[in-house]
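[1] Dropping a prediction and its sequence here:
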Amino acid sequence: MHRLVAFGLNHRTAPLSVREEAAFAPEHLPEALHDLARHGGVNEATILSTCNRTELYCQIATSDSKRALNWFCEYHKLPASTIRSHLYVHPGSAAVKHAFRVASGLDSMVLGETQILGQMGSAAVKHAFRVASGLDSMVLGEPQILGQMKEAFAQAHRAGATGKILNRMFQQTFAVAKQVRTDTAIGVSAVSVAYAAVSLARRIFNRLSEQTVLLIGAGETIELAARHLREQGVKHMIVANRTLERAQLVATIGNGEAITLAEMTDRLSEADIVISSTASQLPILGKGAVERALRIRRHRPIFMVDIAVPRDIEPEVSKLDDVYLYTVDDLQQVVQENLQSRQEAAKEAEKIIDLQVTNFMQWVKSLDSVPTIRALRESAEMLREAELKRAQQRLTQGDDPAAIMAHLARALTNKFTHAPTAALRQADHDGNADLLRAARRLFNLGDDN
């Protein structure tokens, strides 16, 4: 039996402080996947960890997912009694469906799916499909999560943590996400957390084009923010990153300036707007640095958006006068305004996903018949080889070829039908009508008239 389960927490079930504790650093993922395989009781696994969610997709040998759940708590040194109240478990097709939905950009919080599931079945598949389709994102229709899911799967695949089941599941996940975006309007006027951040900045500043923006980081989120800022006419962008080369690539999007993180605090006073999203495990911008920048600015306000998980900007910064600090959780109000026009498209997407979940689960179920089919073919092959060898020996002895062929055909027929015939006679003796009907269907014998 090939059992799937997905579990984790996201922006709907856990506050930012908990998501920070449960996040996996990108550089630690290969090690975590190997540790999960050794101690978590899983055969295959993929870990998706973003600012909005940490999820584990697993193929396990038994119906008990407790070992994997316990591993998750122990790995992060989180008390099970605390973290379990924030966890959801999606077994079977629900896991795949959820992955489909998230990658297509549809938010289950808006669509009303909030239940926690607890039985093995198709739930895991459903969950995965929903994630990949973007149906479980903070921003309905958000395309960014699809790229994050592809990278998570690629890392797991490189680490040797995936196999036949998850390879097929994620390949179909990406195909479904593409179909949803092609066949529905879910991607029209595409939005993201980065877009929500820029939209909020536009509300605060009457003329966004006249502001200086400091972008911290150079990943996909910051790249999206740079594109949105350019579309809003921002003329002066500074991109700070650990590696200058990557910062320069993002800076070219908005004809901006690239600097290193070491230079960031010296340039902070120039920024009217700060948007940060790095993979740092510790804050990179502290209260002291912001206070110095405010003194230089003579307390002209700074609008700051910290999209990172764990946070890049110390929470204490929010207590400073003249600083307006927002986190990913604060963006939800902005996000809500982008949802209404996508609800009908979401309904269409759900129909596509439900059909594809059914198709995938039928494929998984068909794998249960593989050992039986293999055993049947091996048995038939052994009978064929034995009878063919006898026929070849008689030919070398000069026996009549026609007689040999007739004997070969009779022998194969008798041996192929011996075991089924015995089983059917026993079924008739036992009154097992189900087996008799199954045999007529299996051997295409038609109705018993």
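    Arrived safely, thanks for sending.
[2] residue ranges for the helices of the stretch 1-150 of the chain, please.
    Along the stretch 1-150 of the chain, counting by DSSP state H, counting those that start in this stretch, helices occupy 16-22, 29-39, 66-75, 80-83, 93-104, 108-111, 123-132, 144-158.
[3] Include mean pLDDT and distance to residue 318 when you put these into TSV, please.
    C-beta coordinates here come from the backbone N, C-alpha and C atoms, glycine included. Listed next are the helices of the stretch 1-150 of the chain as TSV, based on pLDDT from 0 to 100; distance: least, C-beta to C-beta, whole Å:
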stretch	mean pLDDT	distance to residue 318
helix 16-22	92	12
helix 29-39	94	31
helix 66-75	93	30
helix 80-83	86	24
helix 93-104	78	29
helix 108-111	36	24
helix 123-132	70	31
helix 144-158	91	25
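[4] who wins for proximity to residue 322 among the ones you listed?
    In terms of C-beta to C-beta, the element of the helices of the stretch 1-150 of the chain nearest to residue 322 is helix 16-22, at 23.2 Å.
[5] show me the contacts for the nearest residue to residue 284 once chain neighbours are set aside.
    Nearest-residue entry for residue 284: residue 312, 5.2 Å, with adjacent residues in sequence omitted and distances by C-beta to C-beta, 6 or more residues apart in numbering. Counting by C-beta atoms under 8 Å, 6 or more residues apart in numbering, residue 312 makes contact with 216-217, 276-278, 280, 283-285, 306.
[6] ok, back up a step: out of the helices of the stretch 1-150 of the chain, which comes closest to residue 184?
    Of all those, helix 93-104 sits nearest to residue 184, with 8.2 Å by C-beta to C-beta.
[7] now that closest one, how far from the chain's geometric center?
    Offset of helix 93-104 from its chain centre (C-alpha atoms, centre = their mean, to the nearest Å): 7 Å.
[8] and the angle from it to helix 123-132?
    0 degrees (axes from the mean of the first three to the mean of the last three C-alpha atoms, to 10 degrees).
[9] now helix 93-104 and helix 144-158, what's the angle there?
    Relative orientation of helix 93-104 versus helix 144-158 (the same axes, to 10 degrees): 120 degrees.
[10] Can you tell me which helices and strands helix 93-104 packs against?
    Helices and strands touching helix 93-104, by 3 or more C-beta pairs under 8 Å, 6 or more residues apart in numbering; DSSP states H and E, are strand 3-10, strand 53-60, helix 123-132, helix 144-158, helix 164-183, helix 343-366.
[11] what about the strands in the stretch 151-300 of the chain?
    In the stretch 151-300 of the chain, the strands defined using DSSP state E, counting those that start in this stretch lie at 212-216, 236-241, 257-260, 273-276.
[12] Need these in CSV (columns: mean pLDDT and mean neighbour count).
    Conversion of the strands of the stretch 151-300 of the chain to CSV gives the following (pLDDT from 0 to 100; neighbours: other C-beta atoms under 10 Å):
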stretch, mean pLDDT, mean neighbour count
strand 212-216, 97, 26
strand 236-241, 97, 25
strand 257-260, 96, 18
strand 273-276, 97, 27
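[13] could you dump these to TSV with distance to residue 224?
    Formatted as TSV, the strands of the stretch 151-300 of the chain follow (distance: least, C-beta to C-beta, whole Å):
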stretch	distance to residue 224
strand 212-216	10
strand 236-241	13
strand 257-260	17
strand 273-276	10
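[14] Name the nearest residue to residue 102, ignoring sequence neighbours.
    Sequence neighbours aside, residue 131 is the residue nearest to residue 102 in space, at 2.9 Å (criterion: C-beta to C-beta, 6+ apart).
[15] ok, now which ones touch the one you found?
    Contacts of residue 131 (C-beta under 8 Å, 6+ apart): 48, 53, 55, 98-103, 145, 149, 173.
[16] Averaging pLDDT per element, find the lowest-scoring helix or strand in this protein.
    helix 108-111 (a mean of 36; mean pLDDT, DSSP states H and E).
[17] returning to that earlier point: what subset of the contacts of residue 131 is buried?
    48, 53, 55, 98-103, 145, 149, 173 (16 or more other C-beta atoms under 10 Å).
[18] got any ranges where the stretch 151-300 of the chain has weak pLDDT?
    Within the stretch 151-300 of the chain, the set of residues satisfying pLDDT under 70 comprises 187-191.
[19] distance between stretch 406-416 and the chain's centre?
    Using C-alpha atoms, centre = their mean, the offset of stretch 406-416 from its chain centre is 53 Å.
[20] residues of it that come out buried?
    Residues of stretch 406-416 classed as buried: 407-408, 411-412, 415 (neighbour count, 16+ other C-beta under 10 Å).
[21] Name the nearest of the residues you listed relative to residue 422.
    residue 415 (12.0 Å).
[22] my read: residue 185 touches residue 345, true?
    Yes. Counting by C-beta atoms under 8 Å, residue 185 does reach residue 345; the two are 4.2 Å apart.
[23] Which one of the two is surrounded by more residues?
    residue 345 (22 against 15; other C-beta atoms under 10 Å).
[24] Was I right to think that one contacts residue 182?
    No. Using C-beta under 8 Å, residue 345 is not in contact with residue 182, being 11.9 Å away.
[25] Neighbours of residue 344, how many?
    Residues near residue 344, counting by other C-beta under 10 Å, number 12.
[26] and what of residue 26?
    13.
[27] ok, and the closest non-adjacent residue to it?
    Once flanking residues are discounted, residue 26 sits nearest to residue 279: 5.6 Å by C-beta to C-beta, 6+ apart.
[28] got it, and residue 11?
    Per C-beta to C-beta, 6+ apart, closest to residue 11 is residue 52, 4.6 Å.
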